[in-house]
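K.L.:
Can you look at this prediction? I've put the sequence above it.
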Protein chains: 2
Amino acid sequence: MSELKNDRFLRALNREAVDATPIWVMRQAGRYLPEYRETRARAGSFMDLCRNAELACEVTLQPLERFDLDAAILFSDILTIPDAMGLGLEFTAGEGPTFKTPVRTAADVAALPKLDVNVDLDYVMNAVRTIRSALGGRVPLIGFSGSPWTLATYMIEGAGSKEYPHAKGMLYGDPDTMHALMNHLADTVADYLNAQILAGAQAVQIFDTWGGALPFAQYAEFSLASMQRVVDKLIREHEGRKVPVILFTKGGGAWLESMADTGCDALGLDWTCNLGNARERVGHKVALQGNLDPGTLFGSDESVAREAKRALDAFGPNSGHVFNLGHGISQFANADRVKTLVDTVHEYSAQLHAKA
Amino acid sequence: MSELKNDRFLRALNREAVDATPIWVMRQAGRYLPEYRETRARAGSFMDLCRNAELACEVTLQPLERFDLDAAILFSDILTIPDAMGLGLEFTAGEGPTFKTPVRTAADVAALPKLDVNVDLDYVMNAVRTIRSALGGRVPLIGFSGSPWTLATYMIEGAGSKEYPHAKGMLYGDPDTMHALMNHLADTVADYLNAQILAGAQAVQIFDTWGGALPFAQYAEFSLASMQRVVDKLIREHEGRKVPVILFTKGGGAWLESMADTGCDALGLDWTCNLGNARERVGHKVALQGNLDPGTLFGSDESVAREAKRALDAFGPNSGHVFNLGHGISQFANADRVKTLVDTVHEYSAQLHAKA
């Protein structure tokens, strides 16, 4: 493997000093880029693109050509695991992901197969190897998975949901079945992330997109406990270097202390948290990643620069910050604003770090 | 006006002692009730139902016949104000509310009419008077409005939105225009709520459904500041009794102290906050309303009772709690679970208050 030329991202996750604050953008390889839309059209369906290692690599590298980003993230979907379990993933226009065979009962949960991730999800590991090789040490590669609870919401509802009638029905009405599902998914997610690490991922992020839809007691008992089970099983060092683990619960700003107690390396923050306040609360226990409002990119270059500086000032001239949006970038975002964001973060933070 | 027979709700909002914790349910007159669906079908469109004082009264009273609720809430829509401003409100199946003429520019904002709420929204005041009379003092009647920011998101996007490309584009990129819109809407909302109070509403709630989509700095500058402007203009006493004001920012759990500083009487909480922790933070400054996960109603009677008791225990045997869900009840909720909820809250809290 080539030597890593830019390790700001990994250094910041380990709370080590950096010359400038690293930045990457959730969903940075996405529909807001015309070159992504072009490759996507060539690939066929969205899952065809995920399954084609060369094209997945191509779209992964596209944002790095445009912007001075400090990390690449595997191009894939969060629903690869339930798809490999045979639930019949489909993407329908306007409706988002759906599953033909939702999981609703204790018998459905017991019937879920145990995956061999290197076989059943070999296309993901192929993509990781291909991207890592193509990066040539330019920046680190991030692997990822959906959290057990987030996967479960789609598996149980059979589609995206606002109210989770079936998933919350199981969680409140049949908690034993929900625990069985959480445990099975946690073990699978741990296998999946470990396989990504062995294939070349240099950090991993767990996307708990829907953890914030729960009250704290249920979040702790189901979503956080299952992420704890994942973290406990992860490979934490590989190729002679630490492999940091980032937990991101959207809407989890009130629960940062509990999330930090899992032993993860960093927490992703959405834009409703204040970065300075969050840093005071978690101290040096974990690094923080975030947290610009993705909506900032709908403003002007001036307002993007102003809000980026405001976030950097809130965190202060300390180590342990990875800049990012507080959620995935919108398909309607303007790519020129992203360039302003990335350059502002590097230039302004370099001054902060030089003074510190 | 008839004497009020059950004033638990108003007493709790004023942090006075009660025999049992009062409860009402956001969207309690709604699609989960078959009798509501029947009246709705008779009325024609949703807005036809809102505009018909007799039918609006009928659906307002329906949940009181089924459940031992401690308050009624005016049946209306949060988008009556922009509709009266001539934006062309339409409800399309599957898409929710849309406006034919969205407000996008400084000129669009300047061209918005100043409403005479007693003329332009006379059907709302007729409904308030009709319902108040039909209640005959059984329980108090709550009036309401959307918050200026929440109204603005629909007016600017022209529809519901997840990412608010146009509304956040204006907020970040053209803050002067957004301030002008917030001020115009705040003045209109104040007029609207005052007219409801004079027509017979005994408490009012401001629904800031989308305030939680903002970072704190933008929430404070736009949504909260405009709600402050409303609170400052409201009639606070009428018919010899205080008229409490409830602010509800969904997703605003981190900002309760700032919300309490507006001088409102109570804060609505969503289910991601802990009631006990919230009470410690705001002290006796305001009452609290909430905050059961609406998803609890998808569970069993046992789990509904357990979670209701957990919320009551979290608040403790103090005055100043109005029980509610943390958001509107789902159309898929089971009405039998609602009965369990209401009865559990009254029975269990009566024991707590008797011991206190």
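P.N.:
Thanks, I have it.

K.L.:
Give me every residue in the stretch 251-356 of chain A that's in contact range of chain B.
P.N.:
Neighbours of chain B within the stretch 251-356 of chain A, by C-beta under 8 Å from any C-beta of the partner chain: A:251, A:253-254, A:271-274, A:293-296, A:298-300, A:303-304, A:307, A:310, A:330, A:332. All C-beta atoms are positioned from the backbone trio N, CA, C, and that covers glycine.

K.L.:
Just the buried ones from those?
P.N.:
The neighbour count (16 or more other C-beta atoms under 10 Å in any protein chain shown) marks A:251, A:253-254, A:271-274, A:293-296, A:298-300, A:303-304, A:307, A:330 as buried among those.

K.L.:
Kindly spell out which helices and strands sit in contact with the stretch of helix or strand residue A:289 belongs to.
P.N.:
Applying DSSP states H and E as the criterion places residue A:289 in strand A:287-292. Contacts defined by 3 or more C-beta pairs under 8 Å, 6 or more residues apart in numbering or on different chains; DSSP states H and E place strand A:287-292 against helix A:8-13, strand A:266-268, helix A:275-282, helix A:301-315, strand A:321-325.

K.L.:
so which of those gets nearest residue A:235?
P.N.:
helix A:8-13 (15.1 Å; C-beta to C-beta).

K.L.:
helices or strands up against that closest one?
P.N.:
Packed next to helix A:8-13, using 3+ C-beta pairs under 8 Å, 6+ apart, are strand A:203-208, strand A:287-292, strand A:321-325.

K.L.:
helix, strand or coil for residue A:247?
P.N.:
For residue A:247, the assignment made with DSSP: H, G, I helix; E, B strand; the rest coil gives strand.

K.L.:
residues contacting the closest residue to it other than its chain neighbours?
P.N.:
Spatially, and ignoring its direct neighbours in sequence, residue A:247 is nearest to residue A:264 (4.7 Å; C-beta to C-beta, 6 or more residues apart in numbering or on different chains). Listed by C-beta atoms under 8 Å, 6 or more residues apart in numbering or on different chains, the contact set of residue A:264 reads A:231, A:245, A:246, A:247, A:286.

K.L.:
Helix or strand: which one has residue A:264?
P.N.:
For residue A:264, there is no helix or strand it lies in under DSSP H and E.

K.L.:
Just put the helices and strands packed on strand A:287-292 in TSV and tack on mean pLDDT.
P.N.:
Below are the helices and strands packed on strand A:287-292 laid out as TSV (pLDDT from 0 to 100):
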stretch	mean pLDDT
helix A:8-13	98
strand A:266-268	98
helix A:275-282	96
helix A:301-315	97
strand A:321-325	98
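
K.L.:
Any chance of those in JSON lines with distance to residue B:43 as columns?
P.N.:
Formatted as JSON lines, those follow (distance: least, C-beta to C-beta, whole Å):
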{"stretch": "helix A:8-13", "distance to residue B:43": "58"}
{"stretch": "strand A:266-268", "distance to residue B:43": "46"}
{"stretch": "helix A:275-282", "distance to residue B:43": "48"}
{"stretch": "helix A:301-315", "distance to residue B:43": "45"}
{"stretch": "strand A:321-325", "distance to residue B:43": "44"}
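
K.L.:
which SS state does the residue in the stretch 1-150 of chain A that chain B sits nearest to fall under?
P.N.:
Going by C-beta to the nearest C-beta, chain B is nearest to residue A:94 of the stretch 1-150 of chain A, at 9.4 Å. Three-state assignment for residue A:94 (three-state DSSP): coil.

K.L.:
again with the one 10 residues further on
P.N.:
Classification of residue A:104 into helix, strand or coil gives coil, according to three-state DSSP.

K.L.:
Hmm, it is touching residue A:166, no?
P.N.:
Yes - assessed by C-beta atoms under 8 Å, residue A:104 is found in contact with residue A:166 at 6.1 Å.

K.L.:
tell me, what's touching the two both at once?
P.N.:
Shared contacts of residue A:104 and residue A:166, counting by C-beta under 8 Å, 6+ apart, come down to residue A:156.

K.L.:
how about the helix or strand hosting residue A:57: buried residues?
P.N.:
Taking DSSP H and E as the definition, residue A:57 sits inside helix A:53-66. Across helix A:53-66, burial judged by 16+ other C-beta under 10 Å covers A:53, A:55, A:56, A:57, A:58, A:59, A:60, A:61, A:62, A:63, A:64.

K.L.:
So what touches it?
P.N.:
Contacts for helix A:53-66 (C-beta under 8 Å, 6+ apart): A:25, A:28-29, A:33, A:35-36, A:39-40, A:42-43, A:49-50, A:69, A:72-76, A:123, A:126-127, A:129-131, A:134-135, A:138-139, A:335, A:338-339.

K.L.:
switch to 6 Å and redo it
P.N.:
With C-beta atoms under 6 Å, 6 or more residues apart in numbering or on different chains as the test, helix A:53-66 has contacts from A:28-29, A:33, A:35-36, A:39, A:43, A:49, A:72, A:75, A:126-127, A:130-131, A:134.

K.L.:
quick check, the lowest-mean-pLDDT helix or strand in chain A touching chain B?
P.N.:
Sorting the helices and strands of chain A by mean pLDDT, DSSP states H and E puts strand A:89-92 at the bottom, at a mean of 88. No - shown here: strand A:89-92 not in contact with chain B (C-beta under 6 Å from any C-beta of the partner chain), separated by at least 13.5 Å.

K.L.:
Report the strands that pair with that strand, each with its relative direction.
P.N.:
In the sheet, strand A:89-92 lines up against strand A:96-99 (antiparallel) (DSSP bridges).

K.L.:
and after the partner strand, which helix or strand comes next?
P.N.:
helix A:106-110.

K.L.:
low pLDDT regions in the stretch 1-150 of chain A?
P.N.:
Within the stretch 1-150 of chain A, the segments meeting pLDDT under 70 span A:1.

K.L.:
Same question for stretch A:180-192: list its buried residues.
P.N.:
A:181, A:182, A:184, A:185, A:186, A:187, A:188, A:189, A:190, A:191, A:192.

K.L.:
tell me the pLDDT at the third one?
P.N.:
Pointing back at residue A:184 there. Residue A:184 is assigned a pLDDT of 98 by the prediction.

K.L.:
Nearest spatial neighbour of it, chain-adjacent residues omitted?
P.N.:
Ranked by C-beta to C-beta, 6+ apart and with sequence neighbours excluded, the top spatial neighbour of residue A:184 is residue A:112, at 6.0 Å.

K.L.:
Let me know the distance separating that neighbour from residue A:182.
P.N.:
12 Å (C-beta to C-beta, to the nearest Å).

K.L.:
From the chain's centroid, how far away is stretch A:133-151?
P.N.:
Offset of stretch A:133-151 from its chain centre (C-alpha atoms, centre = their mean, to the nearest Å): 8 Å.

K.L.:
and what of stretch A:56-76?
P.N.:
That offset, for stretch A:56-76, works out to 14 Å (C-alpha atoms, centre = their mean).

K.L.:
ends of that stretch, how far apart?
P.N.:
Terminal residues of stretch A:56-76 lie 8 Å apart, using C-alpha to C-alpha, to the nearest Å.

K.L.:
cool, and stretch A:293-312?
P.N.:
With C-alpha to C-alpha applied, stretch A:293-312 spans 13 Å between its terminal residues.

K.L.:
again with stretch A:291-306
P.N.:
End to end - C-alpha to C-alpha - stretch A:291-306 spans 14 Å.

K.L.:
Name the residues that touch that stretch?
P.N.:
Counting by C-beta under 6 Å, 6+ apart, A:269, A:271, A:273, A:275, A:307, A:311, A:325-327, A:329-330, A:333, A:337, A:340-341, A:344, B:164-165, B:168-169, B:172-173, B:215 sit against stretch A:291-306.
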